[in-house]
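K.L.:
Have a look at this fold, sequence not included:
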């Protein structure tokens, strides 16, 4: 099974507001950048979309080292939140789960790939996280050119 490095990020101006997402896939010396955005979305939707699009870009089952500055994503994967939400019928212990369709899509992709999630500090010294941020912000700015970085 190939091991792929996946960096992801989401950006949003307002919450909800215009947003962007990005994913960088690394396999050996090959690097692929993906990005997109929406006119009206939330930061968590963009963070999730980045992970989804990165995983969907893989052409075969892979071992994926996922790096994200979203504690929401990393904790959902590493602390059993996703498993618990699924067990409860896509609900949180205290009620509604936001973005259940995206979490269900991620759960399906996790059946195809072996994913290890790692949290990285945003806006720090990580080259690929910083590049992801720049791509996501550029996508967001297509919908809100006056947005703050």
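P.N.:
All right, it came through fine. A quick note: this is a predicted structure, and the numbers were derived from the prediction, not measured. Residues are numbered from 1 along each chain as shown.
K.L.:
How about residues contacting stretch 71-81?
P.N.:
Defining contact as CB atoms under 8 Å, 6 or more residues apart in numbering, one finds that stretch 71-81 is touched by 8, 44, 47-48, 51, 66, 68, 82, 85, 103, 110, 115, 117-119. All C-beta spots, glycine's among them, are computed from the backbone N, C-alpha and C.
K.L.:
And the helices in the protein, which stretches?
P.N.:
Ranges of helices within the chain are 43-56, 71-78, 81-87, 100-112, 127-143, based on DSSP state H.
K.L.:
The fourth one to helix 71-78, inter-axis angle?
P.N.:
When axes from the mean of the first three to the mean of the last three CA atoms, to 10 degrees is applied, the directions of helix 100-112 and helix 71-78 differ by 50 degrees.
K.L.:
Quick check: mean pLDDT of helix 100-112?
P.N.:
In this model, helix 100-112 has an average pLDDT of 97.
K.L.:
Just checking, which helix or strand of this protein averages the lowest pLDDT?
P.N.:
Sorted by mean pLDDT, DSSP states H and E, the helices and strands of the chain end with strand 95-96, the least confident at a mean of 88.
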